[in-house]
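> requesting a structural model of the entry that follows:
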Amino acid sequence: MILSVRCQIVVLVLLVFFATSNSASASTIERPAKNRGAQAVEISKGQRLSAHGKSLLDFVIDGATLPDLDRPSFEDLKGETREFYDLLHDSLAWVAHSKPTRQALAMIHLLKIADEKGLKPEDYDSPRWDSRLARMEQPDPLREAHLVVFDVALTVSVMRYISDLNIGRVNPRLFHFELDIHDRRIDLSEFLKRMLASGSDIGSRVQDVEPPFPAYRRTILALKKYRELAREDDGEPLPSAAKTIQPGDPYMGVSRLLRLLRLLGDLPSGATAPSSTVYQGTLPEAVRHFQGRHGIESTGLIDEETLQALNTPIARRVTQLELTLERWRWAPREFVRPPVVVNIPEFRVRADDEKYHWVLSMKVVVGRAFGHKTPVFASEIRSVIFRPYWNVPLAIQREEFIPKIEENPAYLAENSYDIVDSDGSVVDEDPSRDEVREKLRTGQLGVRQRPGPDNALGLVKFDFPNQFDVYMHGTPSTELFSKSRRDFSHGCIRVEDPVSLSQWILRDRPEWTAENIRNAMYGETTVRVALLKPIPVLIVYGTAVVMEDGEVRFFDDIYGHDAALERALTLDDSRQ
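Residues are numbered from 1 along each chain as shown. Presented below is the predicted three-dimensional model:
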């Protein structure tokens, strides 16, 4: 009996799949040399398909499933794939004269080294490309079917790769991060067509979809370096100690400590080091440098916290860099003005110039890890308020202030707080009365702190609208900035140097000199200064930061976001 065309196509797909999966191990091809100069290849010169080949292509795309792929279903890319091949007018994209094009080889090379970008090559079928290419060299009565499967597999893999480089592998909303990536999704079919038709270097075209930030590129370089360090390190753990190791103390781990710090660059290669088992010489200074890079107080003492950081496998640092690259891809790409960026695990805020170089940096205090986490989001600073009032949030009013009032009815008066109604007008109510406390508990009445040096917001508030009622401000508790771990707030961000930050934010208004800013802070009235143009602000979360001089710093996953992202990346249904 003659098989129907559809059945013939199904048989072809299955034959190709089983022939590919059961074939003898193919020889490994060499990686193509990096393109030198423009390659004049037009997409219209791809191999034309016969009627049967076109039917097979339509069948594969309509089913949005290709058994030859590591992740066979490409339902999420079905529309883009159909649109792409419609643009080709019954031709293949990556094959000409039954051979892979130079652009195909260049693209496969990029997929195979996707780990250099912090991605997983397996997600783009890296282990399968050598055997696919080798099969194309062999005589085969099903050659056209193999070519169709090869071409669609490469198209889907490239689309996945480009999308992952552009907006990341998982949606930040999965972690309740208020960062919108949807407005940055690119037209994958059009991008691939332009990339193939341009004749330009494939690598350069791919870089166009990546984050434009110097810190992102520095992180990629650091990832390469730390992968090499992980291969070089012997992984021997440092022995624990019964007490904190101080300079001059004997320590059995001196030899391993010396090798590790030299490998990581904290101990310069030319520095002399002790030959005994005594912790002395250049080692304490190298430990101080290591501590400074890992968010630990730089004492030079080997305490439990330092020992834990020293014994963290370098492979774990590689993972931190990979997760940081993923989060960079969630960030907005275009700003009307240089942004202010707060990195929560680093406890630091920085201001960028037009080329995203750091021009201002200072310590911050962020929300407590337990119950008061600072959210991740993007907004715009629209005004600076000197001598601000603090309107106490209802949750704090209910959970913290009511017990204090019950213990001391004069608590509000003694700390410059007023009771206000829903209009913000001060009301003369006695908080010792049960009915007044009940209104405070339910929010019928509020609590507001008057401006002044003891105000919880300090003397400056940087106002930017957001659903979390979180903002940056000064603080009277400046002693907290001396601590290495600084998660002490209810979610807002306290800045170390509000004068310098105010001056940078108000730089378009030259009348706001440092002197005038201080005068406003210590004046008699509340002053709101509207910005002539809003300034973008990003609250981000990265446990690995590469400094402008290339130094790599690591920080604790204080909110558990790294762990959550790692879990999400292992789940297929969490992918973009």
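
> who does the top strand by length along the chain pair with, and is each partner parallel or antiparallel?
Longest strand of the chain, by residue count under DSSP state E: strand 527-540. When pairing is defined by DSSP bridges, strand 527-540 lines up against strand 340-343 (parallel), strand 377-386 (antiparallel).

> what residues does it touch?
By C-beta atoms under 8 Å, 6 or more residues apart in numbering, the list of residues contacting strand 527-540 from outside reads 327, 331-332, 335-344, 374-387, 462-464, 470, 472, 493, 505-506, 508-509, 512, 520. C-beta coordinates here come from the backbone N, C-alpha and C atoms, glycine included.

> now do stretch 271-283
Contacts for stretch 271-283 (C-beta under 8 Å, 6+ apart): 245-252, 254-255, 257-258, 261-262, 267, 286, 302.

> the residues you listed in helices, which ones?
Among the contacts of stretch 271-283, the residues falling in helices (DSSP state H) are 254-255, 257-258, 261-262, 286.

> among these, which two are most distant?
Using C-beta to C-beta, the ones in helices among the contacts of stretch 271-283 span at most 13.9 Å, a distance reached by 255 and 286.

> who's more crowded, those two?
Set residue 255 next to residue 286 and count neighbours by other C-beta atoms under 10 Å: residue 286 wins out with 23 against 15.

> all strands of the stretch 401-550 of the chain, in order?
Ranges of strands in the stretch 401-550 of the chain, per DSSP state E, counting those that start in this stretch, are 417-420, 446-449, 460-463, 472-473, 487-489, 493-495, 527-540, 544-546.

> nearest to residue 396, of the ones you listed?
Between the strands of the stretch 401-550 of the chain, strand 446-449 lies closest to residue 396; by C-beta to C-beta that is 8.7 Å.

> list the contacts of that closest one.
Under C-beta under 8 Å, 6+ apart, the answer for strand 446-449 is 389-392, 394, 397, 401, 412, 415-422, 424, 426, 440, 455-457.

> quick check, pLDDT for residue 45.
If you check residue 45, the pLDDT there is 65.

> give the buried residues for the longest strand of the chain.
529, 531, 534-540 (16 or more other C-beta atoms under 10 Å).

> secondary structure class for residue 359?
Classification of residue 359 by DSSP: H, G, I helix; E, B strand; the rest coil places it in strand.

> tell me how many other residues surround the closest residue to it other than its chain neighbours.
Spatial nearest neighbour of residue 359, chain neighbours left out: residue 353 (5.0 Å); criterion: C-beta to C-beta, 6 or more residues apart in numbering. By the criterion of other C-beta under 10 Å, residue 353 has 10 neighbours.

> again, but for residue 214
Residue 214 - counted by other C-beta under 10 Å - has 15 other residues nearby.

> do the same with residue 446
Residues lying near residue 446 (other C-beta under 10 Å) number 19.

> so how far is residue 390 from it?
Here the criterion is C-beta to C-beta, to the nearest Å. By it, residue 446 lies 11 Å from residue 390.

> ok, residue 327 next?
With C-beta to C-beta as the criterion, residue 327 and residue 390 are 31 Å apart.

> these two: which is more packed in?
The residue with more neighbours, out of residue 327 and residue 390, is residue 327; 24 against 19, by other C-beta under 10 Å.

> show the buried residues in the contacts of strand 527-540.
The neighbour-count test (16+ other C-beta under 10 Å) applied to the contacts of strand 527-540 identifies 327, 331, 335, 338-344, 374-382, 384-387, 462-464, 470, 472, 493, 505-506, 512, 520 as buried.

> can you give me the helices in the stretch 1-150 of the chain?
Taking DSSP state H, counting those that start in this stretch, the helices of the stretch 1-150 of the chain run over residues 5-22, 51-63, 78-88, 102-112, 129-136, 143-167.

> closest one to residue 79 among the strands of the stretch 401-550 of the chain?
Of these, nearest to residue 79 by C-beta to C-beta is strand 527-540, at 31.8 Å.

> show me what contacts residue 428?
With contact set as C-beta under 8 Å, 6+ apart, residue 428 has no partners.

> number the residues from 370 up from this point.
Renumbered: residue one is now 370, and that last one reads residue 797.

> for it, give me the pLDDT.
With respect to pLDDT, residue 797 scores 89.

> measure the nearest residue to residue 648 once chain neighbours are set aside to residue 665 for me?
Excluding the flanking residues, the one nearest residue 648 by C-beta to C-beta, 6+ apart is residue 620, at 4.5 Å. From residue 620 across to residue 665, the span is 18 Å (C-beta to C-beta).

> again, but for residue 734
Distance, residue 734 to residue 665, by C-beta to C-beta: 17 Å.

> ok, residue 623 next?
Distance, residue 623 to residue 665, using C-beta to C-beta: 20 Å.

> what helix or strand is the residue most central in space within the chain on?
Residue closest to the average C-alpha location in the chain (C-alpha atoms, centre = their mean): residue 696, at 1.7 Å. Assigned by DSSP states H and E, residue 696 belongs to helix 683-697.

> so how far is that helix from its chain's centroid?
Offset of helix 683-697 from its chain centre (C-alpha atoms, centre = their mean, to the nearest Å): 9 Å.

> all good on my end, thank you.
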